[in-house]
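Student: Generate coordinates for the sequence data below:
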Amino acid sequence: MKTIGRDKVRGKRLDHDCYDAHTTRNEYGPNDNRVFCCGLYDPMNDEPLEKCRICAAFVQNQKPPKEET
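Tutor: Below is the predicted model of the structure:
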């Protein structure tokens, strides 16, 4: 099973600072081959950056994988 990278989940290329963020896999079990981003955080208030909050690859925005038939 091939890994689905953050750029595919996001729907566009990663920004230059996206590479600094930690990633996570298998959020919905061993058959979930998508890679999600843990996000970048504002050091002043420990909140995710706005660009991360609206990103489809951000782990808090994840949705269960579509069932394969």
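
Student: Need the nearest residue in space to Leu49, chain neighbours excluded.
Tutor: Of all residues not flanking Leu49 in the chain, Leu40 sits nearest, at 5.0 Å (CB to CB, 6 or more residues apart in numbering). Placement of C-beta: from N, CA and C, glycine included.

Student: Am I right that Thr3 is in contact with Asn33?
Tutor: Yes. At 5.2 Å, Thr3 and Asn33 qualify as touching, with contact defined as CB atoms under 8 Å.

Student: With neighbour numbers in mind, choose between those two.
Tutor: Between Thr3 and Asn33, Asn33 has the larger neighbour count (other CB atoms under 10 Å), namely 14 against 10.

Student: Give me the phi and psi angles of that one.
Tutor: Per-residue torsions, Asn33: phi -100, psi 20 (degrees, to the nearest 10).

Student: again with Asp20
Tutor: The phi/psi pair for Asp20 (degrees, to the nearest 10) is phi -80, psi -20.

Student: doesn't Cys38 make contact with it?
Tutor: No. Counting by CB under 8 Å, Asp20 does not reach Cys38; the two are 10.7 Å apart.

Student: of these two, who's got more company?
Tutor: Shown here are Asp20 and Cys38; by other CB under 10 Å, Cys38 has more neighbours (14 against 8).

Student: okay, Asp20: pLDDT?
Tutor: pLDDT recorded at Asp20 is 95.

Student: Please name the residues that touch it.
Tutor: Neighbouring residues of Asp20 by CB atoms under 8 Å, 6 or more residues apart in numbering: Leu40.

Student: Would you check that Lys2 makes contact with Val35?
Tutor: No. Lys2 lies out of contact with Val35 (CB under 8 Å); the separation is 11.2 Å.

Student: These two: which is more packed in?
Tutor: Higher neighbour count among Lys2 and Val35: Val35, with 19 against 5, using other CB under 10 Å.
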